[in-house]
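>>> sharing a sequence plus its predicted fold:
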Amino acid sequence: MAVKNDSEFVAVVNDTDPKNGGKSYSLKISGNNYAQVLGKRIGDQVDGLFVGEDGKTLNGYKLEITGGSDKTGTPLRRDLEGGSRQSILVTQSTGYKGQKVVHKEKGGENKRFRYKPDGLRRRRTFRGNTITQDTRQINLKVVEAGKKPLDTILSSSEPEEASE
């Protein structure tokens, strides 16, 4: 049975360059870089040097933390302080679509309809805006690009691995 390493994050880096079509890349943050990201909040900027491993670091890049999720899939929310889980009453916003699904029979078929009633609020669990040890995924966007484009940095090593 494989043992998952608890001291690593999955960083999803969104390339904001319009020429690349908004591609996203998945990288790992582990080792000494793991400690550099702990305690950061949504909206903070991180140096690209701390993102990635094995020669795939993003030197010269500045990345902004835009969100994430914890080990159970609970989303981080910008307006909640701290890193603990909190249950709050929300309307349609981050982490909650605000839809109600109704099953109706129409023409002998059972169909699903979604509608958004005015004032629909639900109690949902979210995690605060601080990255803690329970965080598993961090969403990042490129604020300042480096000398090389992201696709050349991250895909240059992949063909070599495939040929081995």
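The structure has been received and is ready for your questions. Here the structure is a predicted model, which is why all the values come from computation and not from measurement. Numbers count the residues shown, from 1 in each chain.
>>> dihedrals phi and psi, residue 144?
phi -130, psi 120 (degrees, to the nearest 10).
>>> list the contacts for residue 58?
Applying Cβ atoms under 8 Å, 6 or more residues apart in numbering to residue 58 gives the contacts 13, 48-49, 51-52, 146, 150, 153. All C-beta spots, glycine's among them, are computed from the backbone N, C-alpha and C.
>>> which ones are touching the nearest residue to it once chain neighbours are set aside?
Sequence neighbours aside, residue 48 is the residue nearest to residue 58 in space, at 3.0 Å (criterion: Cβ to Cβ, 6 or more residues apart in numbering). Residues near residue 48 by Cβ under 8 Å, 6+ apart: 57-63, 146.
>>> most neighbours, which of these?
Compared across the contacts of residue 48, residue 58 has the highest neighbour count, 26 neighbours, by other Cβ atoms under 10 Å.
>>> looks to me like it is in a helix.
No. Counting by DSSP: H, G, I helix; E, B strand; the rest coil, one finds residue 58 to be coil, located in no helix.
>>> alright, calling it a day.
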